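Colleague: Build me a model from this:
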Amino acid sequence: MAAGPEGKLQLVQRHVRAFPDFPKKGILFRDICPILKSPAALTAVTDLFEEHVRSHQLQVDLIVGLDARGFLFGPLLAQRLGVGFVLVRKKGKLPGATVSVAYDLEYGTAEVEIQEDAVAPGQKVLIIDDLLATGGTLLAACELMKKQQADIQGCMVVIELRDLKGADRLKPHNIFSLLQY
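Modeller: Okay, here's the model as predicted:
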């Protein structure tokens, strides 16, 4: 496997497939499934996320992963950093008392939630997902963390679709993306 950050990025990029006109005409879908299928590519993603956290001296108590692909990358990073992992799920998917936030979609609204005791006030969190497009889901997760009085250290994604300007919606939060398209 490529040892340096550039080699790791190239490896990850080679494992992202593009599907034109999916899920509808005019959309170029970026598929991360080949990353998950390749132990080397998946390790490279985790390495690059870990290197970013350590090189920026981010102090993190919890990794917060978004439903559902944030659940794939988040626990790996949490384990590397020796911190806990918390799920942000779609409304109605978690047992016990929960806290939720509604957000707008292009075709309606949705809600995400966490268990009420998942994040304590003042805990330092890093939010992770596979993709940043319009920023709606990540913004909702940030709002959820604010509700819990967490200290958001930033957001991390494998892929950012820059033309959709999702990072603009997330300001002032720092966004780290491995790949930009």
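
Colleague: Helices along the chain, start to end?
Modeller: Counting by DSSP state H, the chain forms helices over residues 5-14, 33-37, 39-55, 70-81, 136-147, 166-169, given from the N-terminal end onward.

Colleague: OK, contacts around the most centrally placed residue in the chain?
Modeller: In the chain, the C-alpha nearest the mean C-alpha coordinate belongs to residue 129, at 1.7 Å (CA atoms, centre = their mean). Taking CB atoms under 8 Å, 6 or more residues apart in numbering as the criterion, residue 129 is in contact with 65, 66, 69, 70, 73, 137, 138, 141, 155, 156, 157. Heads up, the C-betas are built off the backbone N, CA and C, glycines and all.

Colleague: now the residues you listed as a markdown table including neighbour count, distance to residue 58 and pLDDT?
Modeller: As requested, the contacts of residue 129 are arranged in a markdown table below (neighbours: other CB atoms under 10 Å; distance: CB to CB, whole Å; pLDDT from 0 to 100):
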| residue | neighbour count | distance to residue 58 | pLDDT |
| --- | --- | --- | --- |
| 65 | 27 | 16 | 98 |
| 66 | 25 | 18 | 98 |
| 69 | 18 | 21 | 97 |
| 70 | 26 | 17 | 98 |
| 73 | 25 | 16 | 98 |
| 137 | 23 | 21 | 95 |
| 138 | 28 | 17 | 97 |
| 141 | 27 | 17 | 98 |
| 155 | 27 | 12 | 98 |
| 156 | 27 | 10 | 98 |
| 157 | 27 | 15 | 98 |
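
Colleague: Need the residues you listed in a markdown table (columns: distance to residue 34).
Modeller: Output for the contacts of residue 129, formatted as a markdown table (distance: CB to CB, whole Å):
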| residue | distance to residue 34 |
| --- | --- |
| 65 | 20 |
| 66 | 21 |
| 69 | 14 |
| 70 | 18 |
| 73 | 14 |
| 137 | 23 |
| 138 | 23 |
| 141 | 26 |
| 155 | 23 |
| 156 | 20 |
| 157 | 17 |
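
Colleague: ok, the residues you listed vs residue 173, which is closest?
Modeller: Sorting the contacts of residue 129 by how near they are to residue 173, with CB to CB, puts residue 155 at the top with 5.7 Å.

Colleague: List the residues that contact the nearest residue to that closest one once chain neighbours are set aside.
Modeller: Sequence neighbours aside, residue 127 is the residue nearest to residue 155 in space, at 4.6 Å (criterion: CB to CB, 6 or more residues apart in numbering). If you count contacts by CB under 8 Å, 6+ apart, residue 127 has them with 64-66, 70, 88, 138, 141-142, 145, 152, 154-156.
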